[in-house]
Structure formats: structure tokens, C-alpha cells
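Asks: Fold the following for me, if possible:
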Amino acid sequence: MSATVPASREVDSKGLKGGALGLLSSVVVGVASTAPAYSLAASLGFIVASGGALLAGVKAPGIVLLAFIPMYLIAVAYQELNKAEPDCGTTFTWATRAFGPITGWMGGWGIIVADVIVMANLAQVAGSYSFTFIGGLGFPGVADLSNNVFWSTVAGLLWIAIMTWICYRGIEISARIQYVLLSIEIIVLIAFAAFALIRVYTGTAEPYSIVPTLDWFNPFTLDFGSVIAPAMLTAIFIYWGWDTAVSVNEETADPAKTPGRAAIISTVLLLVTYALVAVAAVAFAGVGTKGIGLGNEANASDVFSAIGPQLFGDSVIGHILLLLLAASILTSASASTQTTILPTARTALSMAVYKAIPKNFARIHPKFLTPTWSTIGMGIVSAAFYLIFTLISTNLLSALIGSIGLMIAFYYGLTGFACVYFYRKTLTSSFRHFVMRGLFPLLGGVMLLAVFVYGLIQFAAPDWLVDDKGKNVTIFGIGAQAVVGVGGLVIGAVLMLIWWWRQPDFFRGKTLPRRSDDLVLAGGPVRVPAFGLPDSGRMADVIAPDLSNLPPGQTAVDAVTGEEVDEATDDAAPGPDEPGSTPGHQA
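Replies: Predicted coordinates for the structure are as follows:
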């Protein structure tokens, strides 16, 4: 199978079904991948409090708003890098282009390990809520199984198997199912928020309920190191997943534009949804450490189950609303189980095409046009990881959200830095390029780096996370969230070294060489170096961004897109594929 360095806005196919998704489908996939209902249910309590003590408290909506900023900035980086190279490997491919094979491989591994870890959480929630939902239909005995570790684990494994099969069958059937599941989820979340706020503002809520104020959206009165950073890592988790819209870029109509737009639209829609629901939940339940208060650690793993009965009451309508709430969390977790498999399989596919992992992962189904080994392998590894963590301790599953936040900050931040470095030679060609390809991605990367460092320090504390019996959740005496997060990256480094020893071509720059956004002479050969210093790509035929060394009568083109650059405006104008475009490279 060949993997061609894109010479224009056309993307070289790895065998996936091109043009299967439009803008709306991509947005639906991006939003559904975040699992809004599940993410809020499993994370909001940890933003409000941790270890039985308040963290962000009533300023949880402010943390949600603050976490949106780096998410939006990194979404811009995804959009800009996707314009240059719409490859389903996303961070893996782009970081390799910018920084080299070691950094790129670790970026790809960050995506894979984060997705595998979160599948344990998703499977647990989907399995447990399957019995809760069925019990709500009039089978109370079945509802009791939601607290049974064995049966909820069996149900969770079944969900992984079902969603793996759906992803195996094709991208279009996956998107259609997401339309239904996401619609249920969003409608119920809006109804939940509206019901809670109406009760608060009409004075029919509980004595501990709080009327919202604008100060809730100002988190800067909190300490950054001990409160904002760890709370943001959890808040980042609830936004995580929009990048799935970009990972299916090779199956999207207009792959250079649509996925990036879908990513940005997804983050904005998520902000509106999360801010509304967070305000409603904090207002109705309060942040107390008892009862349904969001500061009660017993409610942290599922705030909606704690709030729902008190909010909706025992009436027939209340029972129906509770049932719908359970359905929304079930559909959310199951939908995200499906959409989590999609980016992982495609990252593995891209890595295999460029010989960064075994070539079997590059296999495509001849009929369904989906990755075969990558998709099935994701399902098997996720199921195994879920079983291992369940057998060790179900309390460890609650430690995963923070550790996933570390993984997300790692590969999202890396993407931001990769964008700046990839476009470093043409950032000053226009104000737009400076902001969208330089300033925004850099700010997003720096913010996530700071959050990663400070959050890791807090997560490593032995008493950072405690279980329902008041015992510290640790591994080797270190906070479990820090160990799982860093341990996942260390395992990746070991696997990378093993593969480097067995198949060194990728790590020698032969299959996916470094390059950047240069301007070159039209008609001249474009030479992409495999080795050398960062600036070794600037050869004799590379033109300065200000066109100061452009020979008279010659034309400059962008080495990435093949577009002509006007000498007067120094701005790219769409044009046909020039012969100065980057030559294909066989993987």
C-alpha cells in the first residue's frame, strides 16, 4: 500500500471510503465522541471537589469555560495542519513531519493509549446503565444488577464487542447511528438543565440550592497549581473527542477543509452545552459534601444519578424523566465507545502505512473499506484493559479520568507546537497565518503544557484520590492518576524502542520524512530531506516568505499545497497542481 506525501489539496487514499461524510456528519461524530452526558456525569463532581474537599466548588462552570480556551486553540491547530496534510494519523503524522519520528510516534501512541484507557470507563458506565435503564422499564430486579461487578462487566464487554462490529462494518453506518444516539443525549441534557434552573429561579428547588451568579465563571480567584491545573485536566476530559472529526478526514468530502471546520464547530457547541448543564447542576444540587451535593465524593463518579431522583421527584412524569436521563447516559457511553474506536483504528492504520507499527494494521476491508486489524485490535485491547483494571480494583477505574487528562494534554499540546514549527517559515506571510498558525496553536500548547506539569504534581500526591472507604488510591505509594498517566507514556516509549530495533526505516526518516511549509520555485524539484538539522529543508530553490530572493520572471509556489504565491500580495491564490509540488513517497 502506498502513502503519498500530498502535493495539493487532494489526499492520497489508504483505502478508506472517501467522501462518505459531510460537514454535518463530521460535526455529529466530533460531538458524539466527547460523550457529553457521560462526560458530565463522570467528571463534574471531580471538578467541584476531590478527596472529600472542595476543588473548584461553585466556580466549576468557570473551569469548564477556561478549559474551552486551549481546546479551541488546539482545534485551530488541527484545522491548519489538516489543510497541509489531511492524513488520518493526525498528531502522529503532523508531529513526525515537524519534529521527527520519535516525537511523532509518541504522539500517535498518546492517542491510542488515551482511547484504550477511556474505553474501560465507557464500558463500565454502558454496562451498569444498561441494567439501570432496563430496570426503569419495570424490572426492578434487573436494576439491582447495575451494582453487580460481574454482570456489569459482562454487559460492558458486550458493548465493546457491538461497537467494534459497527465500526468494522463501515463509517457511514457509524455516522447514522450517531445521529440517533446524539439526538437523544442532547435533548435530555437540555431538558435536565431547563428543569433544574426553572426550579431554582421559581423558588421550588431545595434549601441547599444556589442562585447562579456571573462570578461562577471567574476561576482566576483560585490557586493555579493546586486547584485550576488539576481541575482543568478533568475539564479537558469532557471536551476530549472532537478530534475524531479530523481523524476521519480521509473519508470526508473536501478533506482539507471540512474536518477542520467540524472540529471548531464541535468545540463551540460543547462549550454551550457544558456551561448550561454545569450551571444548572451546581445551582440545584449545591456544592455541599452531604446528600446530593456535588462536593460529596460518593456522587463524584455519577452526579446525574444523585441529582435525578431529587430533581424529578416520584411522579409519573418524574419517573419518565429519570428513565430518559438514564437512557441519555447509556446512549452517551455507548456512542462514545463506538467513536473512540474510530480515531484509534485510523491512527494505527496511518502508523502501519508508514511502517511505524506492524504492517498488518494497515489492512483495509475490501467491501466495507474500514481498517480491519486496527479496528478489531482496538476492541480486543480495550476489553483486555477493562478486565485487568476491574480484576485489580474497581476503584482504579475512577482514577482513569485524571490520567486520561494527562494523555490528552500531552498529544493535544504536541499538536499545537507541531503546527507552529511546521509553518514557522511562512508565519509572517500574512496576519492571518501569524495568528491562526502561530499565536493560537502556541498559546494552546503552552497552556496544556502548564496544566500537564502542575496537574501531574497534584495527581502524584498519595492522598489526592480516595475511595468510598476513605483509603488512598495509589500504585506503589504514588497517586494512581499520575502513575497510570505517566506509565502509559513509558510503556509506549519501550514499545517504540522495540519496534525501532526490529524495523528502523520509519525512525530513519525513510517512510515519513520531515518537512515544513516552504515556498519553492515553480517547475523546480522539491527535495524533502530525511536527516539533518531543523532548517536543513531550506535548499537553494527555497524562496523566502517575503519573496526577496525570488528570481525575476519566476513564480513561487507553496511546497505543501502547490498554490501559486502572488509576488505583490505574498498571498496564496488557488491554482492548478504545479510541477513543483512534493513528489510521492512509497511507504
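
Asks: C-alpha only now, for contacts and for neighbours.
Replies: Will do.

Asks: State the distance from Q79 to R97.
Replies: Distance, Q79 to R97, using Cα to Cα, to the nearest Å: 16 Å.

Asks: for N472, that is, sorry about that
Replies: Distance from N472 to R97, by Cα to Cα: 43 Å.

Asks: Looking at those two, which one has more neighbours?
Replies: Applying other Cα atoms under 10 Å to N472 and R97 shows that R97 carries more neighbours, namely 23 against 19.

Asks: residue contacts, the more buried one?
Replies: Applying Cα atoms under 8 Å, 6 or more residues apart in numbering to R97 gives the contacts 104, 422, 512-516.

Asks: mind running it again at 6 Å?
Replies: Remark: with contacts taken as Cα atoms under 6 Å, 6 or more residues apart in numbering, R97 is in contact with 514-515.

Asks: What pLDDT is listed against it?
Replies: At R97 the predicted local distance difference test score is 94.

Asks: So it lies in a strand, does it not?
Replies: No: counting by DSSP: H, G, I helix; E, B strand; the rest coil, R97 is not part of a strand but helix.

Asks: could we number from 5 for the rest of this?
Replies: Sure, I'll start counting at 5 from here, so that last one is R101.

Asks: Tell me how far it lies from I194.
Replies: For R101, the distance to I194 - Cα to Cα - is 42 Å.

Asks: Against which helices or strands is the helix or strand harbouring A41 packed?
Replies: Secondary structure from DSSP states H and E places A41 in helix 40-52. Counting contacts by 3 or more Cα pairs under 6 Å, 6 or more residues apart in numbering; DSSP states H and E, helix 40-52 is packed against helix 320-357.

Asks: Can you check what angle separates the helix it packs on from helix 40-52?
Replies: Helix 320-357 and helix 40-52 are oriented at 90 degrees to each other (axes from the mean of the first three to the mean of the last three Cα atoms, to 10 degrees).

Asks: ok, then the element right after helix 320-357?
Replies: As assigned by DSSP H and E, the chain's next helix or strand after helix 320-357 is helix 377-396.

Asks: starting at the chain centroid, how far to that following helix?
Replies: 19 Å (Cα atoms, centre = their mean, to the nearest Å).

Asks: buried residues in it?
Replies: 377-384, 386-387, 389-391, 393-394 (16 or more other Cα atoms under 10 Å).

Asks: same thing with stretch 200-213?
Replies: 200-201, 203-204, 209, 213.

Asks: Among those, name the ones in helices.
Replies: Of those, the ones assigned to helices by DSSP state H are 200-201, 203-204.

Asks: Out of those, flag the one nearest to F72.
Replies: L201 (22.7 Å; Cα to Cα).

Asks: Counting by contacts, list what the helix or strand where V184 lies packs against.
Replies: Using DSSP H and E, V184 maps to helix 175-205. Applying 3+ Cα pairs under 6 Å, 6+ apart, one finds that helix 175-205 contacts helix 262-289.

Asks: again, only this time at 8 Å
Replies: helix 27-37, helix 40-52, helix 153-173, helix 262-289, helix 320-357 (3 or more Cα pairs under 8 Å, 6 or more residues apart in numbering; DSSP states H and E).

Asks: number of nearby residues for the closest residue in space to Y183 that isn't next to it in sequence?
Replies: With sequence-adjacent residues excluded and distances taken as Cα to Cα, 6 or more residues apart in numbering, Y183 is closest to V32, at 6.6 Å. Residues near V32, counting by other Cα under 10 Å, number 22.

Asks: Test for you: state the pLDDT assigned to V32.
Replies: Reported pLDDT for V32: 87.

Asks: which residues does it contact?
Replies: Contacts of V32 by Cα under 8 Å, 6+ apart are 179, 182-183, 186, 270.

Asks: Distance of V35 relative to L275?
Replies: Taken as Cα to Cα, the span from V35 to L275 is 11 Å.

Asks: neighbour count winner among the two?
Replies: Using other Cα under 10 Å as the criterion, V35 and L275 rank with V35 on top: 29 against 20.

Asks: Distance from stretch 188-195 to the middle of the chain?
Replies: 22 Å.

Asks: what comes up buried for that stretch?
Replies: Result for stretch 188-195 [16+ other Cα under 10 Å]: buried residues 188-190, 192-194.

Asks: Would you check which pair of those lies furthest apart?
Replies: I188 and I194 (10.3 Å).

Asks: what about L431, neighbour count?
Replies: Around L431 there are 21 residues (other Cα under 10 Å).

Asks: Quick check: the gap between the closest residue to it other than its chain neighbours and V192.
Replies: Distance criterion Cα to Cα, 6+ apart; nearest residue to L431, sequence neighbours excluded, is F438 at 4.7 Å. Applying Cα to Cα, the value for F438 to V192 is 41 Å.

Asks: ditto for N152
Replies: On the measure of Cα to Cα, N152 and V192 end up 27 Å apart.

Asks: next one: Y212
Replies: From Y212 to V192 the distance is 24 Å (Cα to Cα).

Asks: what do you get for V494?
Replies: Taking Cα to Cα, one finds V494 at 40 Å from V192.

Asks: how many neighbours does V215 have?
Replies: So V215, with other Cα under 10 Å, has 14 neighbours.

Asks: Could you do K371 as well?
Replies: 9.

Asks: Helix or strand, whichever it is, which one in the chain has the lowest mean pLDDT?
Replies: Sorting the helices and strands of the chain by mean pLDDT, DSSP states H and E puts strand 576-577 at the bottom, at a mean of 38.

Asks: on that earlier part again, which members of the buried residues of helix 377-396 define the maximum pairwise distance?
Replies: It's W377 and T394 that sit farthest apart of these, by Cα to Cα, at 25.4 Å.

Asks: ok, now which ones touch V455?
Replies: Taking Cα under 8 Å, 6+ apart as the test, what V455 contacts is 233-234, 236-237, 413.

Asks: Quick check, pLDDT for it.
Replies: For V455, the predicted pLDDT is 88.

Asks: in the chain, which segments are predicted with low confidence?
Replies: Within the chain, the ranges that satisfy pLDDT under 70 run 5-17, 54-58, 178, 397-403, 471-473, 522-558, 560-567, 569-591.

Asks: hmm, 50 instead?
Replies: Along the chain, the parts satisfying pLDDT under 50 run over 5-15, 525, 528-544, 571-591.

Asks: The residue nearest to V62 when sequence neighbours are not counted in helix, strand or coil?
Replies: Nearest non-adjacent residue to V62, counting by Cα to Cα, 6+ apart: W220, 5.9 Å away. Three-state call for W220 (three-state DSSP): helix.

Asks: that older thread, which strands and helices sit next to whatever helix or strand comes next after the helix holding V184?
Replies: Using DSSP H and E, the helix or strand that follows helix 175-205 in sequence is helix 233-243. Other elements packing on helix 233-243 under the criterion 3+ Cα pairs under 8 Å, 6+ apart are helix 40-52, helix 64-88, helix 404-426, helix 444-463.

Asks: any idea how far I408 lies from G491?
Replies: Distance from I408 to G491, by Cα to Cα: 11 Å.

Asks: now I345
Replies: According to Cα to Cα, I345 and G491 sit 22 Å apart.

Asks: more crowded one of these two?
Replies: Between I345 and G491, I345 has the larger neighbour count (other Cα under 10 Å), namely 29 against 14.

Asks: contacting residues for the more buried one?
Replies: 119, 168, 171, 379, 382-383.

Asks: Repeat that for T157.
Replies: 127-128, 131-132, 391, 394.

Asks: biggest separation within the residues you listed, which pair?
Replies: S132 and L391 (14.7 Å).
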